[in-house]
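1. Compute the structure for the input listed below.
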Amino acid sequence: MELQLIDFLNHGILPFVGRSAEVERVMGLWRGSSEFHRLRAMLISGESGIGKSRLIEEITPRISQQGGAVLHTKLYPESSTSIASLQARALRFLNTRRGLMVDEPEEKLLSVISSLRRLTRLRPTLLIIEDIHLLNTETTSELAMMLEAISDEQLSVLCLARPVELSVRGILERYLVDEIELKGLNSDEIATIWEQLFGLTPPPEILHQVQSATIGNPLALRSALRGVVKSGALTHDPLSNTWRTTIAADAFGQIVQRNVRVLSEGLAAHLTPDARQAAVKIAALGEVFSREAAWAVSDNNDSMIESLGFRGIIIASNTPVAPISGAASGLPVMAFAHTILHNHLIRQGSHDVQRLIQIIASDIPLYSVVPFQLISESAIAPTLSPEEAYRAVMRAIEVSCLLDASSDWRLAMAPWRAAQAIKEAYQPVWSKLQDLTLSAELLSARLMLLRRTESHDEYERLVMELLQLTNEPAPDPILEYRLLAFTYLHSLGRRKDTHLCHQAWGFSRSFVERHPQLRYTPRYISYLDSAARSMLYMGEFETLRQIERELSELAASPHVTDDYRYLAKHKVAVHFLDMFDTEEELQERLKLLADLEAHSDERKMSFLIFKLGFLVDIGQMEDALRTSAEALQLFRERGLTHNLFYGSLNRLCAVAALGAELPTVEAEMMRLCGEAPRDISHRFQTFAEAALVELGLLHGDRQWLRQAIAQRRLRLDSLRPESQALLRLEEGVECETLSTSIHLTSPRLKPLLETWINPQLPDSGTAETMARSALRAPILRVQDLLERRAVLGIIVALEQRIGKGSLIPRLHDDIIHAVELTLHWLSERKLFPYMQPILALFGKYLPKGVEGSWQNRMGQLKAAQASAQPLGTQRQRTELTMLGSIESGPEGGETSPVRGARLRALLGVMVADRMLDERLDYREFCHIVTGIDDDPDRARKTLNGIVFRLREMLGHEVINTESETPELNLGCVDVDILRAHQHIQQATAALRSESLIRAQRELLKALEYTSGEVPFPGLYEAFFEAVRDDFEGNIRSLILKVSRHLVNERDLRSAEELLRPGFSAMPNDEELADLLYQTLRQLGKRADAERVRMKLSEAMAS
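-> Modelled structure (predicted):
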């Protein structure tokens, strides 16, 4: 018999199945200890029997096997809940097995805090507090003090609780990074447990019975499976050594339900009939509900609600919950104590659906979609007034839309189906206009709910249905819904076929002309927002300008309010930022940007991504980097993944323009492509590949560009025509789509480009006119640089075809003007990398001496960027700490933690490398920092990316990359452990030359730096463990050697001066303690000597 089955039959232990996602989230929290230099907490809540303790049992050995430390404390009712006492015991238990503590902690808070700090610096640590809801007022305060004291440590805290109101939640809130509410197992997971126990797949009908009855609660599942085994419904055949069911599925299901019902009834066995009836009514509100809604369904029987609370059926909810309908309750939100019990009560008889509809129509807060589900599944008799039912439908649609705009969007269909059910039930009692309005509302809401789907068929069908429903002639209130239909038609066009966008624009123009009053409604602004989005997407800038003119006219109209003007400007105008062709228009766009920024609070996330793209587009890269620092942090905090990835792409374009190495930028872009969400991955990769090629062209790095195109197999068909032309002109790379994409380029370049790709010999006069016009165009965007390069390259190519002297001499002054104008534009923006190819290709056309001046200017900009300081300012030194914490900061100023595991690993390796007798080779260096062994190219690119990010943080000059491996520039960096290491080396040299006093002084200086702190804290790789051991071993050995020599020389006071701080740093070192004891005795300091012996005895005893 299998071990798992024996465990189940004898001990009731089920196979561990279905919690892989939760395990990974907890493991991710623990692994993240090294990513964040602060305490981070996770809260797991779940009802009794849901598997909280079992989850911990599975996680603990995994962390231990990966070199981590787990401190597990569990609180019990009617037992001590002192945090200091429980943590001290957990630390002692851990130290018994792992021996990580210098001093084992006393059951005092300060002692526990000190031990926790040391532990987190030696091992990635997970602190588990199980059943934290049992903390009382005093111990809650104790926990708050402990967490505050260690809040800057790399520690992960996992708290587990029942779903009750948590008094400790306010303390945990500032540290919480994740919450998990453990749910029941699904049918696939139950089937897996069945297979692992009984060696066969359960029949689908039986599996359905088990899932429905137990709701996947492991405790209920165990009860059900034990019941069917005990009853003989599931039996073992010893002849075939197989398990089989012996009764029909329905009968089997009855046994399962009976066993679960026994469990559920046990939870509610103490209820009176009236109390049970009240519980059934309240269950219809959902597992979480407001007291106001409970009053509404129980005829304001507050004493009965209190009784259910007293009997443990309902409890105050342990987590803050936002209402999905109605205003937030002013009273504590309630919840059923057990999901099994709640589901059991839901099945008890019919529910008062009309009462639920009334609650939805009112402003009573609802916290669950269960009432909506019950309405949509029930037969509805139209007994309410038409007005009340109408309000209920509109409210349900509103709830559906609000849910869809939240992280709970998967729940949005339940209110929509309820709205549809109410609408169909009450259809005969409504007027034609009411019915038409609700049909339009339902269609519009359904289209909104479908925006995430990748299938266009249903979306298209519903758009056409809404267009048909709102077809003219229609009542005036329905006309706005036709605008909404055109809005969705634009969305369909962007998804499927841009011709539909043109259709929507044409239909809307004639429609609004017939109904001009619609132009003054907010829904028209929403339509123009969608239309502007479409035109920007298609590059239809003339239509976009038309929209802008119309908005200006509307803003000047006396028929609109200030709120309308504000909405028009801040919802639509952001699409106009990229629309400029002259310097004057660009200045207007900059004014618009400033105005939008001043009022961007409500739409800040949308505004920031447009602003970042705009700044990169116009070459204001330093401003773009400052904006990206704020924007990317906000996108991460709000979970705006799409904005985060496109914002990161823009940031990389900015840093490349300011001198970052292209291989590093390439590695970062490819990393982003690999991590991009599935729904944008293809489009994002297309953008990233085009950006990489254009960066290669702008930098003029021909070797890297050719290698990137070949190795990455970059697609070239999505490049803009000027970029394709440059690839052909400068690299000899043919792009098949060049001839078919010419229409996408600017009117300045288009005729010249057509002339160049035409095999017929052009007329020199015509070519000269076209070239002169293109050369005189202003530089307004980074993209214009590629166009300018293409124009100059085409001029050279055309002259070769027409004949030497046919073009360039006649265009000489225009070429000089164009080249100098381009260099001035780049110089003003400090874009020195883009100056290099301009000078290399066309500097020869500049007057004598001018090219050299520009070369000098380019060198100045490069040097200024390399020092990360403005020209003419003095470089500031950087301080790094590697003892006790890994931090950085300006010399003499405040330091801050270095965040990011790989950044800290790189710093640690560069520091440790300086302490080795033989430096690390490149392969060793790469492996320690990246952890990649099997792919040297990936390891190299990953290392480049880490160096790039660390330089961004600390300054470009801090890291030298000229040698085989990256190394710290000690000319501008001070590192505490290297200072200590230097003193240790000098002490060693002094000891060799028998200069004992100098050796003692050097060791005292080293001890001032170390102070017993952990070297390379939070770096847990075996390499750092070894470096730590060597460093601490060397200093211990030297202290002993020098002290013994001093004692032998009868210089007892100097020996004491060295031994005291040495013993303080290593209080459980018997050899140091004994030498200090003997020295103090010889000095006549017997009391001090005895104190040393006592301290050592305490350390050894613990």
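
2. Give me the domain ranges for this structure.
-> For the chain, the structural domains run 19-181, 187-268, 431-576, 741-863, 878-976, 984-1101, going by automatic domain parsing.

3. With mean neighbour count added, can I get these in CSV?
-> Bear in mind the C-beta positions are built from the backbone N, C-alpha and C, glycine included. Below are the domains of the chain laid out as CSV (neighbours: other CB atoms under 10 Å):
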stretch, mean neighbour count
domain 19-181, 18
domain 187-268, 18
domain 431-576, 17
domain 741-863, 17
domain 878-976, 17
domain 984-1101, 18
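
4. Nearest approach to residue 290 belongs to which of the ones you listed?
-> Nearest to residue 290 among the domains of the chain is domain 19-181 (14.4 Å), distances taken as CB to CB.

5. now for the helix or strand harbouring residue 798, which elements pack on it?
-> Assigned by DSSP states H and E, residue 798 belongs to helix 782-802. Judged by 3 or more CB pairs under 8 Å, 6 or more residues apart in numbering; DSSP states H and E, helix 782-802 is in contact with helix 604-617, helix 681-699, helix 721-726, helix 750-757, helix 764-775, helix 812-828, helix 832-842.

6. quick one: the nearest residue to residue 885 once chain neighbours are set aside and residue 14, what's the gap?
-> Using CB to CB, 6 or more residues apart in numbering and skipping the chain neighbours, the partner closest in space to residue 885 is residue 1017 (5.9 Å). According to CB to CB, to the nearest Å, residue 1017 and residue 14 sit 40 Å apart.

7. what does residue 998 give?
-> Residue 998 sits 69 Å away from residue 14, going by CB to CB.

8. do the same with residue 439
-> In terms of CB to CB, residue 439 sits 50 Å off from residue 14.

9. swap in residue 831?
-> Per CB to CB, residue 831 is found 63 Å from residue 14.

10. show me what contacts residue 727?
-> By CB atoms under 8 Å, 6 or more residues apart in numbering, the residues touching residue 727 are 693, 697, 716, 719, 733, 735.

11. Now the two most distant members of these.
-> Maximum pairwise distance in these, criterion CB to CB, is 12.3 Å, between 697 and 735.

12. With neighbour numbers in mind, choose between the two.
-> Applying other CB atoms under 10 Å to residue 697 and residue 735 shows that residue 697 carries more neighbours, namely 24 against 17.

13. Might one say that that one is in contact with residue 786?
-> Yes: between residue 697 and residue 786 there is a contact under CB atoms under 8 Å: 6.2 Å.

14. Name the residues contacting each of these two.
-> Listed as contacting both residue 697 and residue 786 by CB under 8 Å, 6+ apart are 723, 726.

15. Just the CA coordinates for the one helix or strand residue 534 maps to, please, in PDB.
-> Using DSSP H and E, residue 534 maps to helix 522-538. Coordinates of each C-alpha in helix 522-538 appear next as PDB, following Å, rounded to 0.1, in the frame of the first residue of the first chain:
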ATOM      1  CA  PRO A 522     -19.300  64.600 -22.200                       C
ATOM      2  CA  ARG A 523     -20.000  61.500 -24.300                       C
ATOM      3  CA  TYR A 524     -18.900  63.500 -27.400                       C
ATOM      4  CA  ILE A 525     -15.600  64.200 -25.700                       C
ATOM      5  CA  SER A 526     -15.200  60.500 -25.000                       C
ATOM      6  CA  TYR A 527     -15.900  59.900 -28.700                       C
ATOM      7  CA  LEU A 528     -13.300  62.400 -29.800                       C
ATOM      8  CA  ASP A 529     -10.800  60.800 -27.400                       C
ATOM      9  CA  SER A 530     -11.300  57.500 -29.200                       C
ATOM     10  CA  ALA A 531     -11.200  59.100 -32.600                       C
ATOM     11  CA  ALA A 532      -7.900  60.900 -31.700                       C
ATOM     12  CA  ARG A 533      -6.400  57.700 -30.500                       C
ATOM     13  CA  SER A 534      -7.300  56.100 -33.800                       C
ATOM     14  CA  MET A 535      -5.900  58.900 -35.900                       C
ATOM     15  CA  LEU A 536      -2.700  58.900 -33.900                       C
ATOM     16  CA  TYR A 537      -2.500  55.100 -34.300                       C
ATOM     17  CA  MET A 538      -2.900  55.400 -38.100                       C
END
